[in-house]
Every structure is written in structure tokens, then in C-alpha cells.
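Asks: Sequence unavailable; structure follows:
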């Protein structure tokens with residue numbers, strides 16, 4: 001991308017998902033820029049929803065995005081990413097509610113507390129991340145494309161990433177481990193800050209459930225963007241590897257930024273699937 005303003009947002013996305021630098025080599029150059037812009041836009045919404053500790057500030061940022069997207073089809077937008085996206089006819093072919101859905105879902109979850117159990121945690125996270133996956137599939141494959149697998153992968157991949165921030169988010173209302181998991185392993189909120197056998201076992205149990213869900217979703221054979229396919233495969237390898245490790249939390253951090261031959265193979269497989277089902 002030659003636009004420096006847009007490139008800065010792409011760089012933010014790639015800083016959080018460094019494996020996607022490998023995926024870019026498998027994306028058609030004719031559409032690579034607009035697909036990077038969409039990925040960067042998704043990351044901006046995620047950062048607005050989770051990266052701001054004060055709920056009122058997060059709500060204000062998300063309200064701005066809601067207003068921006070409501071008028072973008074007519075005005076072309078004000079934000080550099082909105083301008084880049086709505087310069088394409090593809091953006092106007094996507095129903096307006098698909099653009100607004102992830103923002104509205106993000107606003108709705110700002111005051112959510114910790115889920116009672118794993119199923120509730122997945123359902124709560126899927127409202128926003130499923131909407132992002134639906135938007136992405138509409139951009140890559142058309143508004144009628146199946147989205148169940150993409151929504152599940154987006155949700156579960158987020159929950160894998162959330163576990164790596166466990167020590168940072170202990171004081172937030174929404175913990176990355178559900179209450180039933182804490183109770184089963186005899187953990188209090190304050191005990192999540194420090195390593196212990198109980199915390200390790202709770203993390204491993206959570207990671208095993210996340211891995212099972214990711215494997216099932218990846219096996220459905222539904223359309224996934226190259227980026228989503230790689231994200232899901234990376235999250236699956238991360239969850240499985242960390243669940244087997246003696247220190248799962250440390251292993252989570254190691255694997256979040258790891259790239260190498262395995263990443264290239266996953267990206268190639270993701271690109272093949274995207275091309276076959278697109």
C-alpha cells in the first residue's frame with residue numbers, strides 16, 4: 001500500500017497477527033490492498049472494543065464508528081480505512097446491516113461480565129466476532145456465502161488470544177476464563193495473577209475445549225478467507241501446543257508471535273481452501 005495513513009493501520013494489524021505477513025504472499029495482488037484494508041478495519045473495531053479500559057471511552061469510539069459506517073455508502077467515509085473500503089463497489093454490494101452489526105455487537109458487550117460457563121462465553125464472544133467473520137466472508141465470497149465456520153473460528157481464535165492476556169485482564173469485569181472453570185479448579189480472581197498448579201490445569205482445560213472447537217470448525221469445509229483460515233490454523237496449533245506444555249501460559253506467549261515453515265504451510269493451505277470455495 002502506498003497510502004501511509006492506511007499502512008499504519010495495516011501495520012497495527014500485522015503487529016497483533018504477525019503470521020499474516022506470510023499469508024499476504026498467497027493473496028492475489030489485484031485485490032490484496034482492499035483485503036488488507038478490511039482486515040485492518042476489523043482490527044480497529046476489536047481494539048476499540050477491548051483495548052480501552054474505560055467503558056465510556058470505548059463506547060464513544062464505537063459510536064463514532066457506527067455513525068461513520070451508517071453514512072459511508074453515500075459519503076465515502078471520513079476515516080482512511082473507510083475511504084479505502086468504500087472506494088470499491090464491493091463495499092456497496094454488502095448490505096448496510098452487515099457493516100453495522102459488529103459495531104453494535106461490540107457496544108452491547110461493553111458491560112458484560114465474566115460468563116458462567118464455556119458455552120456462554122463462546123455465545124457472548126460470537127456476537128461480535130461472528131459479525132466480523134460474516135462481513136469478511138461477504139467481502140471475499142459474496143453476501144450469500146456460508147459463515148458458520150468462519151464465525152466459530154473468529155470467536156474461538158479470539159478466546160485463545162484472550163487467554164494470553166490473562167494477567168493483564170484480571171481486574172476487568174470480563175475474565176478470559178468462565179466462572180465454572182474457576183470454581184472447578186478452586187481459583188479466585190486474584191489467584192489468576194500468579195502461576196500455580198491450579199491455574200495451569202484451568203488453562204489446559206480451557207485450551208483443550210478451544211482446540212476441539214477450532215478443529216471441528218476447520219473441518220466443515222465452508223468458505224474461509226486466507227486470513228481467517230490461517231488465523232484458525234494458528235490458533236488451533238497454539239491451543240494444542242500450550243495445552244500439552246508444562247507451563248501453558250508461557251507457551252501461549254511463545255506461540256503468539258512464532259512464524260516459520262509451519263506458518264507458510266498453514267497459509268498455503270488456507271489460500272488453497274479460499275480459492276477452492278471462493
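Replies: Arrived safely, thanks for sending. What you see is a predicted model; the values in this text were computed from it and never measured.
Asks: Can you show me the strands along the stretch 51-200 of the chain?
Replies: Ranges of strands within the stretch 51-200 of the chain: none, based on DSSP state E, counting those that start in this stretch.
Asks: which secondary structure elements does the helix ranked longest in the chain contact?
Replies: Looking across the chain with DSSP state H, the single longest helix is helix 118-141. Judged by 3 or more Cβ pairs under 8 Å, 6 or more residues apart in numbering; DSSP states H and E, helix 118-141 is in contact with helix 29-50, helix 96-108, helix 148-163, helix 197-218, helix 226-244. Just so you know, the C-beta spots here come from the backbone N, C-alpha and C atoms, and that holds for glycine as well.
Asks: what sits against residue 19?
Replies: The contact partners of residue 19, taken as Cβ atoms under 8 Å, 6 or more residues apart in numbering, are 230, 231, 234, 258, 259, 263, 266, 267.
Asks: any chance of the residues you listed in JSON lines, plus distance to residue 35?
Replies: As requested, the contacts of residue 19 are exported to JSON lines (distance: Cβ to Cβ, whole Å):
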{"residue": "230", "distance to residue 35": "13"}
{"residue": "231", "distance to residue 35": "14"}
{"residue": "234", "distance to residue 35": "18"}
{"residue": "258", "distance to residue 35": "23"}
{"residue": "259", "distance to residue 35": "19"}
{"residue": "263", "distance to residue 35": "18"}
{"residue": "266", "distance to residue 35": "18"}
{"residue": "267", "distance to residue 35": "14"}
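Asks: which one among these gets closest to residue 139?
Replies: residue 231 (15.3 Å; Cβ to Cβ).
Asks: What about the closest residue to that closest one other than its chain neighbours, how many residues nearby?
Replies: Leaving aside its sequence neighbours, residue 231 sits nearest to residue 157 (Cβ to Cβ, 6 or more residues apart in numbering; 5.0 Å). As a burial measure, residue 157 scores 25 neighbours (other Cβ atoms under 10 Å).
Asks: how near is residue 157 to residue 105?
Replies: Look at residue 157 and residue 105: by Cβ to Cβ, to the nearest Å, they are 16 Å apart.
Asks: and if you look at residue 15?
Replies: Per Cβ to Cβ, residue 15 is found 24 Å from residue 105.
Asks: Compare neighbour counts for the two and give me the winner.
Replies: The neighbour count for residue 15 versus residue 105, taken as other Cβ under 10 Å, is higher for residue 105 (21 against 10).
Asks: ok, the more buried one touching residue 135?
Replies: No. Residue 105 is beyond contact range of residue 135, at 11.1 Å (criterion: Cβ atoms under 8 Å).
Asks: follow-up on the earlier one: quick check: the gap between the residue nearest to residue 231 and residue 236.
Replies: The gap separating residue 157 from residue 236 is 9 Å, by Cβ to Cβ.
Asks: How about residue 268?
Replies: As judged by Cβ to Cβ, residue 268 and residue 236 stand 16 Å apart.
Asks: And residue 205, by the same measure?
Replies: 16 Å.
Asks: Of these two, give the one with the bigger neighbour count.
Replies: For residue 205 versus residue 236, the count of surrounding residues by other Cβ under 10 Å is larger for residue 236: 23 against 17.
Asks: for the residue nearest to that one when sequence neighbours are not counted, what are its contacts?
Replies: Excluding the flanking residues, the one nearest residue 236 by Cβ to Cβ, 6+ apart is residue 214, at 4.2 Å. Applying Cβ under 8 Å, 6+ apart, we find residue 214 in contact with 152, 153, 156, 157, 160, 232, 235, 236, 239.
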